[in-house]
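# Sequence and predicted structure below; questions after.
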Amino acid sequence: MTTNPPPPVLAGRREWTALGVLMLPLLLVSMDVSVLYFAIPAISADLEPSATQQLWIFDIYGFVLAGLLMTMGSLGDRIGRRRLLLMGAAAFGTASLVAAYANSAETLIAARAVLGIGGATLMPSTMALVRTMFTDPAQRTKAIGVWSGVMTAGIALGSVMSGLLVEHFWWGSVFLVNLPAMLLLLILGPVLLPESRTPDPGRFDLLSVPLSMAAVLPVIYGLKELAAEGWNVRYAMSVTVGLLFAALFVHRQRTAASPLISPDLFRARGFSPAVVLNLAAAFGMMGSAYFTTQYIQSVLDKGPLEAALWSLLPSVPIGIAAPVCAQLVQRGVARAHVVGAGFAVAACGYVMLALAGTNSLWLLLAACAVLACGSVAVMSQVADLALSAAPVEKAGAASSLLETGTEFGGAMSMALLGSIGTAVFRHEIPASAPAAARETLGGALAAADRLPGRAGDALATAAREAFTSGMHAAAVTGAVLLAGAAAAAVLTLRRVGGRKNAGRADRLSPSGV
């Protein structure tokens, strides 16, 4: 005779307090993606880095973070997610202190690399711990909604925090703000956070670590450079090399006795669609940033800090989107319809962006808010679906796959939508304009400043109109792709992710808690 498994245990005050503690490092890790936006000029004046060193100061954090996510997610499953989280917090805090007082470009680059390593441990560990602390499906949905909102808000807050700190203190202060949160995590983490790990993880597959990095880093690097510089054989080859290593990585996971990422994860009902749809949502959310930041600064002629403050407004309603969607699912609305609606809302944001003229600040901000709300709604729901489908003992690996997909989605959107915008800009800029003016909006405005009187004004006006036309073309493309994602979500999720089965993974999979 079979008996029904016991219902999931409801999380109490301790778990919700622990969630608040987890959100602090998550906020800072996501802020570090954009925290150097306004600090770079001060760093350049103080440390005098070369052009190559300046690029590495800015980019090394994101590259190391993306390259190590899968490794750290799997490592956390093996040695304990809380242990890895605390190790990462110590590394992140120490590297922040070194970065704040760096006296050379080389030291700052090395510190930023260690920050990337620490960030790669913190992000999947926080999500995996949310999975293990909140076994009740309804509570987990709310907690993951909070997680998604905090991560998105951190990226928006990073540039504003950078501008405010650099304006009143020295550039190292943008790193020192990390220390109190990391210290709080190190003190409260052992008390509030439960330890969890895979009971029998097997031998750690060291060969998969360089293979995963060789798969991720060349693709992200190539896509970002294609977006920034346009078509180039070298960057296309970088993407190709990364894809070849990705094929080797997949083969290794299928054949290794104890793989870094278990193929069984993708056999879990709903996991694969969730990962792909998360990538599509990240594509939609990050694609607009390439245009909106330039639009506010260069088309509307706002100063850097003023532009950052305006850019913060669209993030305000983000905190509402995920909880509303969670409530809809809990009230019986099919998750497929909620996710599809989220993509549709995000597509509407792109449509609004396509209607913005050369003096449409409020329409642009509204478009960004609608786009972000739709994207975050999708990301919170598919993250909940993926983590519910994955066994508890694979929560770290599942989290790392979601976050790696987010990195890929952002890079792909920058490459595709950025290339479309650049192509339209170059087509519409007058052929008589200087060569530098036909490359980028910044180059065109710089060239216009060097021209006398009406000639300079005419070039600046033409450049702003050409950039806006490029933004329109990219926005239309984004709207079409997200509309397709909405249809795909409804089709692929129509039989998975129902609330009545949402706790099935908790009941059927062995737990390492």
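Everything's here; your move.
# Show the model's pLDDT score for residue 202.
With respect to pLDDT, residue 202 scores 67.
# what's the answer for residue 4, then?
At residue 4, pLDDT is 51.
# can you check the one 3 residues further on too?
Residue 7 is assigned 60 on the pLDDT scale.
# for residue 270, same thing?
At residue 270, pLDDT is 78.
# quick thing: my sequence starts at 376, can you match it?
Yep, numbering from 376; the last one is residue 645 now.
# what number of residues lie near it?
23 (other Cβ atoms under 10 Å). Heads up, the C-betas are built off the backbone N, CA and C, glycines and all.
# for residue 806, same thing?
With other Cβ under 10 Å as criterion, residue 806 counts 5.
# With residue 654 instead?
By the criterion of other Cβ under 10 Å, residue 654 has 23 neighbours.
# Then residue 567?
Residue 567, neighbours per other Cβ under 10 Å, totals 18.
# what do you get for residue 469?
Neighbour count for residue 469, taken as other Cβ under 10 Å: 16.
# cool, and the one 3 residues further on?
Close neighbours of residue 472, defined as other Cβ under 10 Å, add up to 17.
# Quick one: name whatever helix or strand follows the helix or strand encompassing residue 702.
Under the criterion of DSSP states H and E, residue 702 resides in helix 693-705. Later in the chain than helix 693-705, the nearest helix or strand by DSSP H and E is helix 710-729.
# which of the residues in the helix holding residue 702 are buried?
693, 694, 696, 697, 698, 700, 701, 703, 704 (16 or more other Cβ atoms under 10 Å).
# Same list, those, but as a markdown table with pLDDT and distance to residue 772 please.
Output for these, formatted as a markdown table (pLDDT from 0 to 100; distance: Cβ to Cβ, whole Å):
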| residue | pLDDT | distance to residue 772 |
| --- | --- | --- |
| 693 | 73 | 27 |
| 694 | 69 | 29 |
| 696 | 74 | 27 |
| 697 | 71 | 23 |
| 698 | 74 | 27 |
| 700 | 75 | 25 |
| 701 | 73 | 24 |
| 703 | 79 | 29 |
| 704 | 75 | 25 |
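# so which of the residues you listed comes closest to residue 579?
The closest of those to residue 579 turns out to be residue 697 (Cβ to Cβ; 34.2 Å).
# Quick one: classify residue 734 as helix, strand or coil.
What DSSP: H, G, I helix; E, B strand; the rest coil gives for residue 734 is coil.
# and it, what does it touch?
residue 675 (Cβ atoms under 8 Å, 6 or more residues apart in numbering).
# neighbouring contacts of the helix holding residue 702?
Helix 693-705 is contacted from outside by 513, 516-517, 519-521, 523-524, 527-528, 710, 713, 717, 744, 747-749, 751-752, 755-756, 759, 874, using Cβ under 8 Å, 6+ apart.
# at 7 Å what do you get?
Residues from elsewhere that reach helix 693-705 (Cβ atoms under 7 Å, 6 or more residues apart in numbering): 513, 516-517, 520, 523-524, 527-528, 710, 713, 717, 747-748, 751-752, 755-756, 874.
# List the ones among those that fall in helices.
513, 516-517, 520, 523-524, 527-528, 710, 713, 717, 747-748, 751-752, 755-756 (DSSP state H).
# for residue 663, what are its contacts?
Neighbouring residues of residue 663 by Cβ under 7 Å, 6+ apart: 728, 743, 746.
# and which of those is nearest residue 846?
Proximity of the contacts of residue 663 to residue 846 (Cβ to Cβ) peaks at residue 728, which lies at 6.8 Å.
# Hmm, residue 850 and that closest one touching each other?
Yes - the criterion here is Cβ atoms under 7 Å, and residue 728 meets it with residue 850 at 4.1 Å.
# Find the nearest non-adjacent residue to residue 500, please.
Once flanking residues are discounted, residue 500 sits nearest to residue 460: 4.0 Å by Cβ to Cβ, 6 or more residues apart in numbering.
# what sits against that neighbour?
Residue 460 neighbours (Cβ under 7 Å, 6+ apart): 496, 497, 500, 501, 504, 564.
# What's the per-residue pLDDT of it here?
pLDDT, residue 460: 86.
# Check the spacing between it and residue 448 real quick.
Distance, residue 460 to residue 448, by Cβ to Cβ, to the nearest Å: 12 Å.
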